[in-house]
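Asks: Take a look and give me a structure for this.
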Amino acid sequence: MPEAISPARRAEVIDALRRGTVPQAGLDLFAVGMERFERAVDEELDGVTAGRATFKAVRGEYGAGKTFFARWLAEQAKRRGMATAEVQISETETPLHKLETVYRRLVEQLSTAAYPPSALREVIDAWFYTLEEDVLAEGAIAQDDAQALGKAVDELLELRLAAVARTTPAFAAALRAYWKATSDGDQATAQALLAWIGGQPNVAAAARRAAGVKGDLDHFAALGFLQGLLTILRDSGHPGLLLVLDEIETLQRVRSDVRDKGLNALRQLADDVDAGRFPGLYLLITGTPAFYDGPQGVTRLTPLAQRLATDFGTDPRFDSPRAVQLRLTGFDLPKLTLLGTSIRDVYVSGLGEAAAARIGALVDDAYIADLATAVAGELGGQVGVAPRVFLRKLVADVLDRVAEFDDFNPRQHYKLTLSPTELTATERNAAAFHPAGADDVDLDL
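Replies: Purely as a prediction, here's the structure:
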């Protein structure tokens, strides 16, 4: 049974599973199957925090655990002080070929161990504080000499951002203007400039004039802004950034010209990571096997396909976790049962001894195995599709009721039922919820 689980961590995990979603944190409490990746992930994150960069691809069908893996990796990154951001690729809201939009979503989702999204202001303010401390540490300027301190900080800013300023001078200009506005107490201008640095469109013209910049962030400047953000993160005590581009398989559903632009943008990102343009960046993409192997995905762009090529012809247990592409094989019934027992143990960790003992007796390992088998059976025997529904049923329908009602016995009083409205499209397809006959088909007459 887990020890020393804080009430906040327990609540975050249990509440998310009760809703049928992947928790944002606390995944180490039930990270079934992640142990085979731990050593390679540790090595890669250590390299990133030392100034290198990593590009990784994860593949798996629905329910294989791609989102879980990404958030588990984010927890490992935050333990090293890194910042993280999870961006959902969408054909309408976040198209991959528009890197300025990807950058904007990155900033909106930017978080650290101490600050939730968006942590941009806290990171930038910490950076300026670090610059001031570095200037004062030299001993040549008095702390109360605001004019000299401001000039020295400005010079140090230019020095720290020299590499970025050569290609994206607007980033450094906006930062300098933000610092001046903050120092002058002009919060409206400071907030507007912060939004512009974060890639937000339609920032007030007056604020842009204060920084000497024009227009909105475009596709070509977005990568320069990412460089600048990595520099700020590193100097403010965050040695790297984990950027997750999730559900990248949506590229398969867009027009062919848009799809090709998106694939080329991904190739550009991968090439820039390898070329050392983004020291401190761990770039992770997730997608389905069809995206990596199918005719509407990676194979359309040969250089990208060559970069991601990984041999999956052997038994999955021999897959190397150090390969550029990782294969998630999903759950079988033993793993699903182990996942359920882990969640039960997390659940009872917040209860008294008597309540915990009662739940342990009524929701024992055998019952959890039976429930896992039943849920998988309702989903056409597709165990890989079952984890979300299984955990939601276990928490909301079984554990909550045992905890709340003294006379509730799940073997006597609970019968598993699934309705189409509570399932995703993939889960409904697995459960095969189809009309029983011709008379059940609604016709629009």
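Asks: Show the residue spans covered by the helices in the stretch 151-300 of the chain.
Replies: Taking DSSP state H, counting those that start in this stretch, the helices of the stretch 151-300 of the chain run over residues 162-167, 169-183, 187-197, 205-211, 219-235, 256-274, 289-293.
Asks: could you dump the ones you listed to JSON lines with distance to Leu110, mean neighbour count and mean pLDDT?
Replies: The way it works is simple: take the backbone N, C-alpha and C, and place the C-beta from them, glycine included. Output for these, formatted as JSON lines (distance: least, Cβ to Cβ, whole Å; neighbours: other Cβ atoms under 10 Å; pLDDT from 0 to 100):
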{"stretch": "helix 162-167", "distance to Leu110": "17", "mean neighbour count": "15", "mean pLDDT": "77"}
{"stretch": "helix 169-183", "distance to Leu110": "15", "mean neighbour count": "21", "mean pLDDT": "89"}
{"stretch": "helix 187-197", "distance to Leu110": "12", "mean neighbour count": "21", "mean pLDDT": "94"}
{"stretch": "helix 205-211", "distance to Leu110": "21", "mean neighbour count": "17", "mean pLDDT": "90"}
{"stretch": "helix 219-235", "distance to Leu110": "8", "mean neighbour count": "21", "mean pLDDT": "91"}
{"stretch": "helix 256-274", "distance to Leu110": "17", "mean neighbour count": "18", "mean pLDDT": "94"}
{"stretch": "helix 289-293", "distance to Leu110": "26", "mean neighbour count": "18", "mean pLDDT": "94"}
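Asks: Of all these, which one is nearest Arg39?
Replies: Distance to Arg39, taken as Cβ to Cβ, is lowest for helix 256-274 among these, at 21.6 Å.
Asks: Which strands or helices does that closest one pack on?
Replies: If contacts are counted by 3 or more Cβ pairs under 8 Å, 6 or more residues apart in numbering; DSSP states H and E, helix 256-274 sits against strand 54-59, helix 219-235, strand 281-287, helix 302-308.
Asks: Out of these, which gets nearest to Ala369?
Replies: strand 54-59 (28.2 Å).
Asks: Need the CA coordinates for that closest one. PDB is fine.
Replies: The C-alpha coordinates for strand 54-59 follow below in PDB (Å, rounded to 0.1, in the frame of the first residue of the first chain):
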ATOM      1  CA  THR A  54      16.000  15.000 -27.400                       C
ATOM      2  CA  PHE A  55      13.300  14.100 -30.000                       C
ATOM      3  CA  LYS A  56      11.100  11.100 -29.200                       C
ATOM      4  CA  ALA A  57       8.100   9.600 -30.800                       C
ATOM      5  CA  VAL A  58       5.500   7.300 -29.000                       C
ATOM      6  CA  ARG A  59       3.100   5.100 -30.900                       C
END
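Asks: now what about it, what contacts it?
Replies: Residues outside strand 54-59 that contact it (Cβ atoms under 8 Å, 6 or more residues apart in numbering): 44, 47-48, 66, 69-70, 269-270, 273-274, 281-289, 291-292, 308, 324-328.
Asks: re the thing from before, could I get the helices of the stretch 151-300 of the chain in a markdown table, plus columns for distance to Leu423?
Replies: Output for the helices of the stretch 151-300 of the chain, formatted as a markdown table (distance: least, Cβ to Cβ, whole Å):
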| stretch | distance to Leu423 |
| --- | --- |
| helix 162-167 | 47 |
| helix 169-183 | 45 |
| helix 187-197 | 39 |
| helix 205-211 | 47 |
| helix 219-235 | 37 |
| helix 256-274 | 29 |
| helix 289-293 | 21 |
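Asks: Quick check: which of the ones you listed is nearest to Thr21?
Replies: Of all the helices of the stretch 151-300 of the chain, helix 289-293 sits nearest to Thr21, with 22.7 Å by Cβ to Cβ.
Asks: which intervals of this protein have sub-threshold pLDDT?
Replies: 1-4, 433-445 (pLDDT under 70).
Asks: which residues of it fall in strands?
Replies: Secondary structure of the chain (DSSP state E): strands at 54-59, 83-88, 241-246, 281-287, 325-327.
Asks: what about the first one, distance to the chain center?
Replies: A distance of 13 Å separates the C-alpha centroid of strand 54-59 from that of its chain, computed with Cα atoms, centre = their mean, to the nearest Å.
Asks: list the contacts for Arg307?
Replies: Residues in contact with Arg307 (Cβ under 8 Å, 6+ apart) are Arg267, Ala270, Val324.
Asks: The same query, at a cut-off of 6 Å, please.
Replies: Neighbour list for Arg307: Ala270 [criterion: Cβ atoms under 6 Å, 6 or more residues apart in numbering].
Asks: if we can go back for a sec, want to throw the strands of the chain into CSV with mean neighbour count and distance to Leu110?
Replies: Putting the strands of the chain into CSV (neighbours: other Cβ atoms under 10 Å; distance: least, Cβ to Cβ, whole Å) gives the following:
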stretch, mean neighbour count, distance to Leu110
strand 54-59, 22, 19
strand 83-88, 23, 5
strand 241-246, 24, 8
strand 281-287, 25, 13
strand 325-327, 20, 24
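Asks: can you list the ones you listed in TSV and add distance to Leu156?
Replies: Shown next, in TSV, are the strands of the chain (distance: least, Cβ to Cβ, whole Å):
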stretch	distance to Leu156
strand 54-59	29
strand 83-88	22
strand 241-246	22
strand 281-287	23
strand 325-327	41
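Asks: among the ones you listed, which is nearest Ala374?
Replies: So among those, strand 325-327 is nearest, using Cβ to Cβ, at 28.0 Å.
Asks: Any idea what the residue most central in space within the chain is bridged to?
Replies: By Cα atoms, centre = their mean, the mean C-alpha position of the chain lies nearest to Glu86, the distance being 3.1 Å. Glu86 has these beta-bridge partners by DSSP bridges: Val244.
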